[in-house]
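> for reference, the sequence and a predicted model appear below.
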Amino acid sequence: MRELVSSVTSSQSFLSNLPEFVIALIFIAIAAVILTTVAAVLALIGVYLERKVSAHMQDRLGPMYVGGWHGWAQTLADAVKLLIKEDIVPRAADKKLHLLAPFLVFAATLAAFAVLPFGRQLIVSDLNVGVLYVIAISSLVVVGIILAGWASNNKWSLLGAMRSAAQIVSFEIPASLAVLVVIMAVGSMNLGEIVLYQEGGIHKWLVWKFFPFNLIAFLIFFVASLAEVNRAPFDIPEAESEIIAGFHTEYSGMKFAMFFLAEYANMFLVGAVGATLFLGGWSSPFGDFMNSGPFQVFWLFAKAFALIFVQMWLRWTLPRVRVDQLMYTSWKVLTPFAFLAMVGVGIYMII
Amino acid sequence: MLFDFAGVLVFLIFGCLFVGINLLLSRLIQTRNPHPGKLSTYECGEIPIGTGWIQFNIRFYVIALVFLIFDVEVVFLFPWAVVFKELGTFAFVEMMIFVFMLLVGLAYVWAKGDLEWDKPREVPAPELASVVDQPKLTEEMAS
């Protein structure tokens, strides 16, 4: 970002009169507008893909009518429908918190996009604690979920919120420990540097390093991230067949749409973070071939969508786990293995 | 450094703005057809019994405490992992001692059964007896 700002200011003389931080803020604001749009569009694409993938996995066709070609406009129609739907807030609910929850969930999701490296210089704020920041800000989403569950004054919502809290206290540990393996190998928490370390082809990706420990760490990270974004088989906070819709039972219209949007944007975020940490991020899998400019954005999106496809695949393959099974998976399987991977990598690096 | 975090702040503000604008837009063009029934809390179509803000068994209290300890530990591990390459064996041994102590804690909690969602609880003997005796009593009363 900084190099981009300085290069633009030196080429445009009328900009150089302004102080540097003003120009940078303008740049960040433009980036924020673009990324908000990108997140929203990604969510719409994600919803459409989810429908199509699930339909084809169950030997159905999915939406085929709206818009003509394979029902491509279905999610747009849904968005318009949600926009003109009546917004109902229950009489018994805490109206202020009820309103605050979607803000918190969406803003926290979007804020995590700020540190994603979309390309060599396409990174909005190149934080040197990038990884820690992503972990921290994405757990803020759970605060929004708990808020939504509590403010609704509904027993189902409360159950969903409680389950969500149980989930986050369980899965954050294995996820962070798995990420630790990457930091040990690279020696930096900066997401841009982590990608630079992996640049130069598929064989340099961190998944393959210290075989099999990093592979274990990647799997642990993937499973834990599924739980953190409330995806099946860990979608018990919103299990529609047992607690209706969990924390968003009492949300309708655009507020519900915001939760939905945040969920799908979060799916992309998790996929992109997983790709950045373990699968080389924006770098091309073929070394220097197709490794410049717009291709970098393409590779990140391709890798992220590949991971999103696996998420959807799992959702339509596996049944939902029970709460106790969830706790079992986290504390008795993932956490010990994450420690094992960490110790393994440590020994590997010393030898 | 602080300059970089400005980006984060701008993103948080834009996230809120996006939600706000959308909700406002929706408020302007949405259909409105109020009915008192719509405003009641959903409870599978029944009239809701009591409030949703009730005392309930949070179940994972001990797990939350364990989480807190482990999360603090992970925060300690992050800076260690960054400089691990330079420090080498010494740092590794030091951290393994630290991690080992926490793992002993995890093993203890595991063995105590606090990681179970349904904690096996010993039912006090007299209570159990009264439950078993109940049908007998009713039989006697009937005769």
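Great, that's in hand.
> quick one, helices of chain B?
For chain B, the helices defined by DSSP state H cover B:2-29, B:61-87, B:89-112, B:125-142.
> now do the helices in chain A.
With DSSP H as the criterion, chain A has helices at A:2-11, A:20-57, A:74-83, A:95-113, A:130-138, A:140-151, A:155-186, A:191-198, A:213-228, A:253-278, A:294-315, A:323-328, A:335-350.
> weakest of those helices by average pLDDT?
Between these, the lowest average pLDDT goes to helix A:2-11, which shows a mean of 63.
> give the contact list for the residue nearest to residue B:70 when sequence neighbours are not counted.
Among residues not flanking residue B:70 along the chain, residue A:173 sits closest, at 4.8 Å (Cβ to Cβ, 6 or more residues apart in numbering or on different chains). Quick note: C-beta positions are derived from backbone N, CA and C, even for glycine. Residue A:173 makes contacts with A:330, A:335, A:338, B:67, B:70-71, B:74, as judged by Cβ atoms under 8 Å, 6 or more residues apart in numbering or on different chains.
> at 10 Å what do you get?
By Cβ atoms under 10 Å, 6 or more residues apart in numbering or on different chains, the residues touching residue A:173 are A:224, A:330-331, A:334-335, A:338-339, B:66-67, B:69-71, B:73-74, B:106.
> quick one: the residue lying closest to residue A:120 once chain neighbours are set aside and residue A:45, what's the gap?
Using Cβ to Cβ, 6+ apart and skipping residues adjacent in sequence, the residue nearest residue A:120 is residue A:296, 6.3 Å away. Remark: distance between residue A:296 and residue A:45 (Cβ to Cβ, to the nearest Å) = 20 Å.
> now the buried members of the contacts of residue A:173.
The neighbour-count criterion (16 or more other Cβ atoms under 10 Å in any protein chain shown) marks A:224, A:330-331, A:334-335, A:338-339, B:66-67, B:70-71, B:73-74, B:106 among these as buried.
> of the residues you listed, which is the nearest to residue A:35?
Using Cβ to Cβ, residue A:224 comes nearest to residue A:35 of those, at 24.8 Å.
> spatially nearest residue to that closest one, not counting backbone neighbours?
Residue nearest to residue A:224 in three dimensions, not counting chain neighbours: residue A:175, with 3.7 Å by Cβ to Cβ, 6+ apart.
> still on that earlier bit, comparing residue A:296 and residue A:45, which shows the higher neighbour count?
Using other Cβ atoms under 10 Å in any protein chain shown, the more surrounded residue of residue A:296 and residue A:45 is residue A:296, with 22 against 16.
> just checking, the more buried one touches residue A:116?
No - Residue A:296 lies out of contact with residue A:116 (Cβ atoms under 10 Å); the separation is 12.0 Å.
> need the residues touching each of those two.
Taking Cβ under 10 Å, 6+ apart as the criterion, residue A:296 and residue A:116 both touch A:122, A:281-282.
> ok, and the closest non-adjacent residue to residue A:76?
Using Cβ to Cβ, 6+ apart, the nearest residue to residue A:76 is residue A:44, at 6.9 Å.
> ok, and the closest non-adjacent residue to the residue nearest to the spatial centre of chain A?
Nearest to the mean C-alpha position of chain A, by Cα atoms, centre = their mean, lies residue A:269 at 2.4 Å. Spatial nearest neighbour of residue A:269, excluding adjacent residues (Cβ to Cβ, 6+ apart): residue A:112 at 5.4 Å.
> before we move on, what about residue A:155?
What sits nearest to residue A:155 in space, not counting adjacent residues and going by Cβ to Cβ, 6+ apart, is residue B:52, at 5.1 Å.
> same thing with residue A:274?
residue A:307 is the one closest to residue A:274 (Cβ to Cβ, 6+ apart), at 5.4 Å.
> that neighbour is in contact with residue A:207, isn't it?
No - if you go by Cβ under 10 Å, residue A:307 and residue A:207 don't touch, sitting 11.9 Å apart.
> mind listing the shared neighbours of these two?
Residues touching both residue A:307 and residue A:207 by Cβ under 10 Å, 6+ apart: A:274, A:278-279.
> just send those back as a markdown table, with neighbour count too.
Shown next, in a markdown table, are the shared contacts of residue A:307 and residue A:207 (neighbours: other Cβ atoms under 10 Å in any protein chain shown):
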| residue | neighbour count |
| --- | --- |
| A:274 | 25 |
| A:278 | 28 |
| A:279 | 25 |
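> what is the nearest of those to chain B?
Nearest to chain B among these: residue A:278, at 15.3 Å, using Cβ to the nearest Cβ.
> right, and that closest one touches residue A:209 too?
Yes - here residue A:278 lies in contact with residue A:209, judged by Cβ under 10 Å, at a distance of 9.4 Å.
> common neighbours of those two, please.
With Cβ under 10 Å, 6+ apart, residue A:278 and residue A:209 have common neighbours A:181-182, A:198, A:215, A:217.
> next, count neighbours for residue 104.
No chain specified, so I'll use chain A. A total of 24 residues lie near residue A:104 under the criterion other Cβ under 10 Å.
> hmm, no, I was thinking of chain B.
Residue B:104: 10 surrounding residues under other Cβ under 10 Å.
> how close does it sit to residue B:111?
With distances taken as Cβ to Cβ, residue B:104 is found 10 Å from residue B:111.
> re earlier: what sits against the residue nearest to residue A:120?
The neighbours of residue A:296, taking Cβ under 10 Å, 6+ apart as the test, are A:117-122, A:195, A:281-284, A:290.
> let's go with 8 Å and repeat that
Per Cβ under 8 Å, 6+ apart, neighbours of residue A:296: A:118-120, A:122, A:282-284.
> switch these over to JSON lines; also include distance to residue A:131, pLDDT and neighbour count.
Formatted as JSON lines, these follow (distance: Cβ to Cβ, whole Å; pLDDT from 0 to 100; neighbours: other Cβ atoms under 10 Å in any protein chain shown):
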{"residue": "A:118", "distance to residue A:131": "17", "pLDDT": "85", "neighbour count": "22"}
{"residue": "A:119", "distance to residue A:131": "19", "pLDDT": "81", "neighbour count": "20"}
{"residue": "A:120", "distance to residue A:131": "19", "pLDDT": "80", "neighbour count": "17"}
{"residue": "A:122", "distance to residue A:131": "18", "pLDDT": "76", "neighbour count": "18"}
{"residue": "A:282", "distance to residue A:131": "16", "pLDDT": "84", "neighbour count": "28"}
{"residue": "A:283", "distance to residue A:131": "17", "pLDDT": "83", "neighbour count": "29"}
{"residue": "A:284", "distance to residue A:131": "22", "pLDDT": "81", "neighbour count": "19"}
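> low pLDDT regions in chain B?
Residues of chain B meeting the criterion pLDDT under 70: B:1-3, B:118-143.
> if you set the cut-off to 50 instead, what comes out?
Residue ranges of chain B with pLDDT under 50: B:137.
> residue 86: how many residues sit nearby?
Picking chain A for this. Using other Cβ under 10 Å, residue A:86 is surrounded by 14 other residues.
> oops, I was thinking of chain B
A count of nearby residues for residue B:86, using other Cβ under 10 Å, gives 8.
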